[in-house]
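Engineer: Sequence first, predicted coordinates after that:
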Amino acid sequence: EGKGKRRNPLHDFKKTGELMLIKINKTLEVKTKLLNTTEQCAKRCSRNKGLSFTCKAFAYDRVTKRCHWLSFNSLTNGVRKKQDHAFDLYEKKDYVRNCIIGKGADYKGTISVTKSGIQCQAWNSMIPHEH
């Protein structure tokens with residue numbers, strides 16, 4: 001990060017072009033608003049600004065310049081993917097990442113078994129191994 005330069009909020013997101021998520025589960029939340037850029041959408045999603053839920057992803061409609069903030073991502077149960085040429089999907093990397101970075105304190109992924117299929121030890125447990 002150079003002096004005077006702001007970090008691009010899109011760095012925290014994985015982009016998938018021409019894809020929209022459709023919620024099957026009606027309890028999942030979505031909020032939309034007109035915004036000019038994907039950077040503005042990403043910034044609001046990262047800060048959860050004006051949202052009543054934790055934003056895990058957003059879809060940007062390039063045609064209408066409308067941002068759709070999502071309380072879910074492509075790995076959430078009750079969601080299906082839909083090809084749509086108007087949209088780009090941006091998912092928070094913390095929620096779709098299948099690896100641990102550093103000590104794993106911020107890991108929010110869904111992997112709970114090792115590569116060999118052994119159930120992972122809970123972070124707050126010292127059994128069967130100490131951390």
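Structural biologist: Right, received. Where do you want to start? All values reported here derive from a predicted model rather than from experimental measurement.

Engineer: CA only for contacts and neighbour counts going forward, please
Structural biologist: Noted.

Engineer: Number of residues surrounding L35?
Structural biologist: Number of residues near L35 (other CA atoms under 10 Å) recorded here: 16.

Engineer: That one and C67: what is the separation?
Structural biologist: Relative to C67, L35 is positioned 6 Å away (criterion: CA to CA, to the nearest Å).

Engineer: Give the residues shared as contacts by those two.
Structural biologist: Common neighbours of L35 and C67 (criterion: CA atoms under 8 Å, 6 or more residues apart in numbering): C41.

Engineer: Can you tell me the centre-most residue of the protein?
Structural biologist: With distances taken as CA atoms, centre = their mean, the residue of the chain nearest its centroid is K92 (2.6 Å).

Engineer: check contacts around that one.
Structural biologist: Contacts for K92 (CA under 8 Å, 6+ apart) come out as D12, F13, K14, K56, A57.

Engineer: Might you report the residue contacts of the last one?
Structural biologist: Listed by CA under 8 Å, 6+ apart, the contact partners of A57 are F13, C45, W69, L70, S71, F72, N73, L89, Y90, E91, K92.

Engineer: ok, 7 Å please
Structural biologist: W69, L70, S71, F72, N73, Y90, E91, K92 (CA atoms under 7 Å, 6 or more residues apart in numbering).

Engineer: ok, these vs R62, which is closest?
Structural biologist: Among the contacts of A57, Y90 lies closest to R62 (CA to CA), at 12.8 Å.

Engineer: That closest one in helix, strand or coil?
Structural biologist: Under DSSP: H, G, I helix; E, B strand; the rest coil, Y90 falls in the strand class.

Engineer: Over to E39?
Structural biologist: Following three-state DSSP, we place E39 in the helix state.

Engineer: and if you look at A42?
Structural biologist: Under three-state DSSP, A42 comes out as helix.

Engineer: Tell me the predicted confidence for it.
Structural biologist: pLDDT for A42: 97.

Engineer: One more: T110?
Structural biologist: For T110, the model assigns a pLDDT of 70.

Engineer: how far away is it from I127?
Structural biologist: From T110 across to I127, the span is 21 Å (CA to CA).
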